[in-house]
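Asker: what follows is a predicted protein model with its sequence.
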Amino acid sequence: MSRQAYVNGQFVPHGQAVVHIEDRGYQLADGVYEVWAVFGGKLSDAEGHFTRLWRSLDELRIDHPMSRKALEVVLKETLRRNRVREGLLYLQVSRGVARRDHAFPTDPVAPSLVITAKSLNRAATNAKAEAGVGVITLPENRWGRCDIKTVGLLPNVLAKQAAREQGGAEAWFVDADGLVTEGASSNAWILRKDGVLVTRDTGANILRGITRHSLLDVIAKAGLKVEERAFTPGEALEAQEAFITGAGALVTPVISIDGKPIANGHPGEMALRLRGLYIQHAQNAGI
Ligand code: PDD
């Protein structure tokens, strides 16, 4: 069966799924998005993503495109029509279509809602993730509201491309104080040699990752120690392990920073254990 996308009230063949050229998401990056990991045909960490979506919309004063219940129905229907059991579900809401003007449209317009789903070969992505990834560091050059999940991702795009060109898979932004904020599409973590896990606090200018949040619960249940605070790339290089979290990465070990190995340069045991525990959580807690 061919792929289908949901666009403003209708399911259409993926190849014909389009928005208007004056959609404010397209012209001005005036929109927000969410990505759910899908396990066994279910949305993982569903509530966290819904809550963050509403918050992103409210912060930007974009109307909610539909109720929480209705949205859940459409999201599940998108999975069903695309036969996605293991994969990713993408949702984007823009302020809508209006004659180009930086300020909000004076006559109210309906927000645009687009949803797509894609399947992943979980065995292949697991094997790739479990091998670990390299990260590079780059100066933080994003705006001051990275807590809002907007589609304005140009710095993230350029950072990711730079990482790829240097043989890595992720870029860690480093702020003016020399502290890691987060990755281009993931949150950053280390495991200190004394067994304490460290990830940046959400008071900083970072996305409040849903995977990060759920993993903190998993960590608490496992009785592990964690500190929510900033760390430098230097501290990460001295660490026992490092890893990243996100709906795409789940929990992925980091094996090098700027080409320098972390510990023995192999994926860490803790990262792999947490990956397993997180996947177990995601498989059990989906809706
Ligand atoms: N990105 N930080 C940034 C900048 C992100 O873009 C993401 C997610 C995360 C992790 O958030 P979560 O655990 O809620 O997925 C952190 C998604 C996956 C993306 O852009 O595709």
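Answerer: Thanks, I have it.
Asker: for the stretch 51-200 of the chain, what spans make up the strands?
Answerer: Along the stretch 51-200 of the chain, the stretches classed as strands by DSSP state E, counting those that start in this stretch are 87-94, 112-119, 133-139, 170-174, 180-183, 187-191, 197-199.
Asker: okay if I get the ones you listed as a markdown table plus distance to Ile255 and mean pLDDT?
Answerer: Yep, even glycine has a C-beta here, placed from its N, CA and C like the rest. Shown next, in a markdown table, are those (distance: least, CB to CB, whole Å; pLDDT from 0 to 100):
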| stretch | distance to Ile255 | mean pLDDT |
| --- | --- | --- |
| strand 87-94 | 24 | 98 |
| strand 112-119 | 27 | 98 |
| strand 133-139 | 6 | 98 |
| strand 170-174 | 11 | 98 |
| strand 180-183 | 14 | 98 |
| strand 187-191 | 13 | 98 |
| strand 197-199 | 17 | 98 |
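Asker: quick check: the residue in the stretch 51-200 of the chain positioned nearest to the ligand vs Ala171, distance?
Answerer: As assessed by CB to the nearest ligand atom, the ligand sits closest to Ser185 within the stretch 51-200 of the chain, at 4.0 Å. Going from Ser185 to Ala171 by CB to CB, to the nearest Å gives 9 Å.
Asker: out of the strands of the stretch 51-200 of the chain, which gets nearest to Ala285?
Answerer: strand 87-94 (15.4 Å; CB to CB).
Asker: out of Ser185 and Ala171, which sits in the more crowded spot?
Answerer: Legend: neighbour count by other CB atoms under 10 Å for Ser185 and Ala171, higher for Ala171 (25 against 20).
Asker: just give the number of residues close to Ile255.
Answerer: A count of neighbours around Ile255, defined by other CB under 10 Å, yields 23.
Asker: which stretch of helix or strand covers it?
Answerer: For Ile255, the enclosing helix or strand under DSSP states H and E is strand 250-257.
Asker: tell me the contacts of Gly9?
Answerer: Gly9 sits next to Leu113 when contact means CB atoms under 8 Å, 6 or more residues apart in numbering.
Asker: who in this protein is up against the ligand?
Answerer: Residues of the chain lying close to the ligand (CB under 6 Å from any ligand atom) are 35, 156, 182, 185-187, 207, 209-212, 245-248.
Asker: now with 5 Å, please.
Answerer: When proximity is defined by CB under 5 Å from any ligand atom, the chain lies next to the ligand at Val35, Glu182, Ser185, Asn187, Leu207, Gly209, Ile210, Thr211, Gly246, Ala247, Gly248.
Asker: before we move on, the earlier item: what residues are shared contacts of Ser185 and Ala171?
Answerer: Lys160.
Asker: re the thing from before, give the other helices and strands that the strand holding Ile255 contacts.
Answerer: Applying 3 or more CB pairs under 8 Å, 6 or more residues apart in numbering; DSSP states H and E, we find strand 250-257 packed against helix 122-130, strand 133-139, helix 210-221, helix 233-238, strand 241-246, helix 269-284.
Asker: can you rerun that using 7 Å?
Answerer: Judged by 3 or more CB pairs under 7 Å, 6 or more residues apart in numbering; DSSP states H and E, strand 250-257 is in contact with strand 133-139, helix 233-238, strand 241-246, helix 269-284.
Asker: so which of those is the most packed in?
Answerer: Most buried of those, by mean neighbour count (mean count of other CB atoms under 10 Å): strand 241-246, with a mean of 28.
Asker: show me the contact partners of it.
Answerer: Contact partners of strand 241-246, identified using CB atoms under 7 Å, 6 or more residues apart in numbering, comprise 170, 183, 185-191, 209, 211-212, 215, 236, 251-254, 262-263, 268, 270-271.
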